[in-house]
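1. below are the sequence and a predicted model for it; my questions follow.
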Amino acid sequence: MVFVLDANKKPLSPCHEAVARKLLKQGKATIFRRYPFTIILKKAVDDTDNKQEYRLKIDYGSKHTGLAILQNNNVIWLAQIDHRTDIKKKLDERRSYRRRRRNKNLRYRQPKFLNRRRKEGWIPPSLESRINNIKTWVKRLQKLVPLTHISYENVKFDTQLMRNPEISGIEYKQGTLQGYEVKEYLLEKYNRKCCYCGKENVPLEVEHIIPKSRGGTNRIDNLCLSCHECNQKKGNLTAEEFGYPEVQRQVKETLKDTSVVNSTRWKVYDVLLRTSLPVECVTGALTKMNRIKLGLPKEHYFDACCVGQSTPDKLYFKTKDVLYIKAKGRGSHCRTNLDKYGFPRGYLARQKYFFGFQTGDMVKAEIPKGKYKGIWYGEVACRKSGSFDIKDKEGQRVVQGVNHKYFSVVQRFDGYSYRKEVANLM
């Protein structure tokens, strides 16, 4: 199905791709967007008699969010948003470089302590990015489709019950470290021995099984005891890499993703309420029940189809394509490439556009001769010299060092990259 706008950019009922192809061929419409594919008519259309219900369904997740648009019991559009997971890492790197420069007296600016205030309702940038992705795409889809309703899966995870399914009663309220200090708990757990070499009667240090620099946390499952020598020798390795997989197996699966959803689910709901559309807010258990009843595979976009009481008993898929939307941000905050010590090793250009192109634009390149002769599609990587590269959907450079005069823009970079794949209905 293809999204349709009239000459005033008013969203109309989506049409079949064959109808869209006919309108384009007859010159009655032109292409408005490539992703999601949208055409715009060359005349205004009165669509006030349209009584169709178009429902946007959202299956919110920590790393991926499924989207689906249903017209009654017809699924007309499927998509999946891949959220950014590198924001915290980049903020930590910037912080470490900044502190090193200050500690070594390599710059004049003094650190800021008491002159910063967080606004009310502040959440970390890594979480805010996920909320903004959903906010952006709900707004975009409202401009492309005459949406009438929204269904949203507002799921809450019980992290303590996930750790210990048999927990109950007063034990549930007390938590996992009731009556213990952390080191006392670890001393009892590891029998006052180094968990690596087994030494006893030596000073023991609290050690991270998965180092914090490798994504480990201060959760009690990720802590163990080791002597000073083993701790130093292990360094930045995980316990499994250090040669102790049995210690690594004690680390239970991280609950980071569940914490992300728990802390942002009502923020997303507030965003949806501001759209002025009726919002159906339901549980994840209902989604799972609907998916099993309909016999659909476990995919985020199929979960989105099954969100809410509004899910019909039978779904008819009018599309087989899934649009994968990967959040990439709108540019680098840091305008300098750094070496491992935090010193500049190459300054990036202050401008974003080169010869009318920006890195990330979807382009078509018609190369008449040479090694890359032919027609190429992909994302452009710009250089100040005017010799551009093209990246494929995996981010690999397939064309390098081609003059900009052979390029034409298919769609401008908007903070996301796109790829289409066939839905897995098996």
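-> Now that the structure is in, tell me what you want to look at. All figures in this text were calculated on a predicted structure; none of them were measured in a lab. Residues are numbered from 1 along each chain as shown.

2. the longest helix in the protein is where?
-> Looking across the chain with DSSP state H, the single longest helix is helix 125-144.

3. tell me the mean pLDDT for that one?
-> The pLDDT scores in helix 125-144 average 93.

4. over to stretch 300-319?
-> Mean predicted confidence for stretch 300-319 is 90.

5. in that stretch, what's buried?
-> Of the residues in stretch 300-319, H300, Y301, F302, D303, A304, C305, C306, V307, G308, T311, L315, T319 count as buried by neighbour count, 16 or more other Cβ atoms under 10 Å. For the C-beta atoms, the positions are set from N, CA and C on the backbone; glycine is no exception.

6. columns secondary structure on top of those residues, output as TSV?
-> As requested, those are exported to TSV (DSSP: H, G, I helix; E, B strand; the rest coil):
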residue	secondary structure
H300	helix
Y301	helix
F302	helix
D303	helix
A304	helix
C305	helix
C306	coil
V307	coil
G308	coil
T311	coil
L315	coil
T319	coil
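
7. K326: how many residues sit nearby?
-> 16 (other Cβ atoms under 10 Å).

8. whoops, M362 was the one
-> Look at M362: counted by other Cβ under 10 Å, it has 18 neighbours.

9. swap in E299?
-> 19.

10. for it, what are its contacts?
-> Neighbouring residues of E299 by Cβ atoms under 8 Å, 6 or more residues apart in numbering: G66, Q80, A423, N424.

11. same thing but at 10 Å, please
-> D59, H64, G66, L78, Q80, R291, C305, V322, A423, N424, L425 (Cβ atoms under 10 Å, 6 or more residues apart in numbering).

12. now the residue most central in space within the chain: how far from R330?
-> Closest to where the C-alpha atoms of the chain average out (Cα atoms, centre = their mean) is H83, at 0.6 Å. Counting by Cβ to Cβ, to the nearest Å, the separation of H83 from R330 is 15 Å.

13. try G27
-> Distance from G27 to R330, by Cβ to Cβ: 35 Å.

14. the more surrounded of those two?
-> Per other Cβ under 10 Å, whichever of G27 and R330 has more neighbours is R330, with 11 against 8.

15. could you verify that that one is part of a helix?
-> No. According to three-state DSSP, R330 belongs to no helix; its state is coil.

16. just give the closest residue to it, not the sequence neighbours.
-> For R330, ignoring the flanking residues on the chain, the nearest one in space by Cβ to Cβ, 6 or more residues apart in numbering is G415 at 4.7 Å.

17. check that neighbour and give its pLDDT.
-> Looking at G415, its pLDDT is 89.

18. residues near it, how many?
-> What G415 shows, counting by other Cβ under 10 Å, is a neighbour count of 15.

19. and it, what does it touch?
-> N132, N133, T136, I325, K326, A327, K328, G329, R330, G331, G360.

20. run the last query once more with 8 Å
-> G415 neighbours (Cβ under 8 Å, 6+ apart): T136, A327, K328, G329, R330.

21. ok, it to Y353 distance?
-> The value you get for G415 to Y353, if Cβ to Cβ is used, is 15 Å.

22. how about L147?
-> L147 is 33 Å from Y353, by Cβ to Cβ.

23. who has more neighbours out of these two?
-> L147 (18 against 10).

24. for the buried residues of stretch 300-319, give me CSV that also has distance to M1.
-> Shown next, in CSV, are the buried residues of stretch 300-319 (distance: Cβ to Cβ, whole Å):
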residue, distance to M1
H300, 20
Y301, 14
F302, 17
D303, 20
A304, 16
C305, 14
C306, 19
V307, 19
G308, 21
T311, 19
L315, 14
T319, 6
